[in-house]
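**Q** from the sequence below, what's the structure:
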Amino acid sequence: MHELALQLDRPGSPEEFTVVLPSPGREDLAALQALEREGAPPALLEMYSSLVEASLLDLHYGFRIDPAETVLAGMRGDKPTRLTGARDDAIVVFGTDGGGSFFAVSRTTSVVYQLTGGAWIRDTYDADEGHAQIFASDPSDFLKHLEALLKDEVEANRT
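**A** Below you'll find the predicted structure:
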């Protein structure tokens, strides 16, 4: 189970909120093993070993981490597996935002890209520099970024 723990310090009364993301069950572990056989990056496998999926569509512009079986289908052709244009990389799409962007992890470096406004043609996502941004250093950093955004959102709505 992966927890995003938020300690909110307000004058006179510290409060803590925790968002618990579901832990993988037997079927999820089978999908995780299939991801490993397909060559998913170790950093992505590590993330999926502790969570199933996440849907935070009201956070910032929205975030969704797909379940492992959806990621596996993407690796097998349902989503782009190559990034071209300003960057040339092999990728695994694992999520989306509320605006139609993909989140994808590099199969070579494990950085997380946010892909917006490019052209998706067969297995390739073609994007110029402005549409293929590095969002996080790896999937773990991606989750830390979500945690920070969630904390900011909760604090902004409590004042």
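**Q** rounded mean pLDDT for stretch 39-51, please.
**A** Average pLDDT, stretch 39-51: 92.
**Q** and for stretch 110-118?
**A** 95.
**Q** ok, residues contacting that stretch?
**A** Identification of contacts with stretch 110-118 by CB atoms under 8 Å, 6 or more residues apart in numbering yields 41-44, 80, 83, 85, 87, 89, 91, 93, 97, 99-106, 125-128, 130-139, 141-142. All C-beta spots, glycine's among them, are computed from the backbone N, C-alpha and C.
**Q** quick one: which of the residues you listed sit in helices?
**A** 42-44, 139, 141-142 (DSSP state H).
**Q** including neighbour count and distance to Gly118, could these go into TSV?
**A** Listed next are the ones in helices among the contacts of stretch 110-118 as TSV, based on neighbours: other CB atoms under 10 Å; distance: CB to CB, whole Å:
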residue	neighbour count	distance to Gly118
Pro42	11	26
Ala43	19	23
Leu44	25	21
Pro139	25	21
Asp141	15	22
Phe142	24	19
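**Q** nearest to Gly62 among the residues you listed?
**A** Phe142 (14.3 Å; CB to CB).
**Q** tell me the confidence at the closest residue to Glu53 other than its chain neighbours?
**A** The shortest distance from Glu53 to any non-neighbouring residue, by CB to CB, 6 or more residues apart in numbering, is to Pro67 (4.3 Å). What the model reports as pLDDT for Pro67 is 90.
**Q** Pro67 and Val52, how far apart?
**A** In this view, Pro67 and Val52 are 6 Å apart by CB to CB, to the nearest Å.
**Q** what's the answer for Val111, then?
**A** On the measure of CB to CB, Val111 and Val52 end up 23 Å apart.
**Q** number of nearby residues for Gln33?
**A** Applying other CB atoms under 10 Å, we find 12 residues neighbouring Gln33.
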